[in-house]
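Undergrad: my questions concern the predicted model and sequence given below.
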Amino acid sequence: MTYRLFEDKKHASSYWKYRIAPSDHLIQEVLDFLEKQKGRLFELAVDVGCGSGQGTLLLAKHFVSVVGMDVSPAQLDMALQHAKEPNITYRQCVAEELPFADSSVDLITAMSAFHWFDRPHFLQEAHRVLKPHGCLALLNYTIDMELSYADCCSQTLNQVCKEFYAALQPYRSAHLGPSSIELYREAYESIPYPVKEWQECVWVKRPMPLSSYMGLVESFSSYQTLLRDDPQKATRLSQDICQRFLSVMKVTSVETEVLVAVKYFYLLACKPQGA
């Protein structure tokens, strides 16, 4: 069964504000893989576990129709507020019961969501609804992001990052195990399709205010678990980490822009003809 997280309205709002979507380069890697397998006519894409819809929006200009799906009404409400493209629709649905006919979908994506699904059942369902030569794309990024700032020692800055992540590690869901990348690698190995790709390390750099980096980390399930269990401890941790960043950077404003390096990994697989 899909794990139900990120469902209250405040967290959904934070998710939209701070969560990052895959870069244009990563989306293009998915589209190039799909085009190589089935040609250029892209009719239907389904973004499963779409959250507040940042990734769904990236698919809209490439497909006749895009459907974003999530279990959380609050997340879908947030997605609908920002869905201006007429070819996007959203539906509340669990990942393991996709409301599509057999062999009807060109592309299924899950962007930073697959690790929360009942993975074997979702993969079976994805196989059912994909067209022959349709593709599955599972993308995610790791928590160990790195910061850089002009005239500042990156090693010192990233030591603070590491301590932030280490403080959140005890609150990581047992469902994810020690590293979610292992869950994706296991899925890659289990998919019997002859045409598939596994990419373990793609660094994407994004400029953002320090406040947005803090908001991004605070949107993660581990921080949200700490916030639920001990709000004062969570607030103290954020304040302490933020002040240490400002001290290392020798600035006073949390709106100071930093460069955040995010490490992505992804799995691409093509359903063969006759499968």
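TA: Here it is on my side, so go on.
Undergrad: for Val260, give me the pLDDT.
TA: Val260 carries a pLDDT score of 96 in this model.
Undergrad: try the one 10 residues further on
TA: The predicted local distance difference test score for Cys270 is 98.
Undergrad: beta partners for it?
TA: Cys135, Val195 (DSSP bridges).
Undergrad: residues touching it, list them.
TA: Counting by C-beta atoms under 8 Å, 6 or more residues apart in numbering, Cys270 touches 33, 37-38, 133-136, 193, 195-196. In this view, the C-beta of every residue, glycine as well, is placed from N, C-alpha and C.
Undergrad: identify the farthest-apart pair in those residues.
TA: Farthest pair in the contacts of Cys270 (C-beta to C-beta) is Lys38 and Lys196. Separation: 14.4 Å.
Undergrad: which of those two has more residues huddled nearby?
TA: Using other C-beta atoms under 10 Å as the criterion, Lys38 and Lys196 rank with Lys38 on top: 19 against 16.
Undergrad: just give the nearest non-adjacent residue to that one, would you?
TA: Leaving aside its sequence neighbours, Lys38 sits nearest to His133 (C-beta to C-beta, 6 or more residues apart in numbering; 3.7 Å).
Undergrad: likewise Met208?
TA: According to C-beta to C-beta, 6+ apart, the nearest residue to Met208 is Val260 (5.7 Å).
Undergrad: can you classify the one you found as helix, strand or coil?
TA: Here Val260 is strand, with the state taken from DSSP: H, G, I helix; E, B strand; the rest coil.
Undergrad: this protein: strands as residue ranges?
TA: Using DSSP state E, the strands of the chain run over 44-48, 65-70, 88-92, 105-111, 130-141, 146-148, 195-209, 257-270.
Undergrad: contacts for the third one?
TA: When contacts are taken as C-beta under 8 Å, 6+ apart, the neighbours of strand 88-92 outside the stretch itself are 50, 53, 56-57, 60, 65-73, 76, 79-80, 83, 99.
Undergrad: got the angle between that strand and strand 65-70?
TA: For strand 88-92 against strand 65-70, the angle by axes from the mean of the first three to the mean of the last three C-alpha atoms, to 10 degrees is 30 degrees.
Undergrad: low-confidence ranges in this protein?
TA: 1-16 (pLDDT under 70).
Undergrad: contacts only, for the spatially most central residue of the chain.
TA: Centroid-nearest residue in the chain: Ser112, 2.4 Å away (criterion: C-alpha atoms, centre = their mean). Residues counted as contacts of Ser112 (C-beta under 8 Å, 6+ apart) are 19, 49, 51, 55, 139-141.
Undergrad: how far away is it from Gln239?
TA: Between Ser112 and Gln239 the computed distance is 26 Å (C-beta to C-beta, to the nearest Å).
Undergrad: is the nearest residue to Thr142 once chain neighbours are set aside in a bridge, and if so with what?
TA: Closest residue to Thr142 apart from its sequence neighbours, by C-beta to C-beta, 6+ apart: Lys263 at 4.8 Å. Counting by DSSP bridges, Lys263 is bridged to Trp203.
Undergrad: tally of neighbours for Lys263?
TA: The burial count for Lys263: 17, using other C-beta under 10 Å.
Undergrad: quick one: residues contacting it.
TA: Applying C-beta under 8 Å, 6+ apart, the residues contacting Lys263 are 141-142, 144-145, 201-203.
Undergrad: and which of the residues you listed is nearest to Thr252?
TA: Met145 (22.8 Å).
Undergrad: that closest one contacts Tyr264, correct?
TA: No. Using C-beta atoms under 8 Å, Met145 is not in contact with Tyr264, being 10.7 Å away.
Undergrad: just the CA trace of stretch 233-242, in CSV.
TA: Output of stretch 233-242 as CSV, limited to C-alpha atoms (Å, rounded to 0.1, in the frame of the first residue of the first chain):
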residue,chain,number,x,y,z
LYS,A,233,13.5,20.5,18.8
ALA,A,234,12.8,20.8,15.1
THR,A,235,12.6,24.6,15.3
ARG,A,236,15.9,24.8,17.3
LEU,A,237,17.6,22.6,14.8
SER,A,238,16.6,24.8,11.9
GLN,A,239,17.5,28.0,13.6
ASP,A,240,20.9,26.7,14.7
ILE,A,241,21.8,25.3,11.3
CYS,A,242,20.6,28.5,9.6
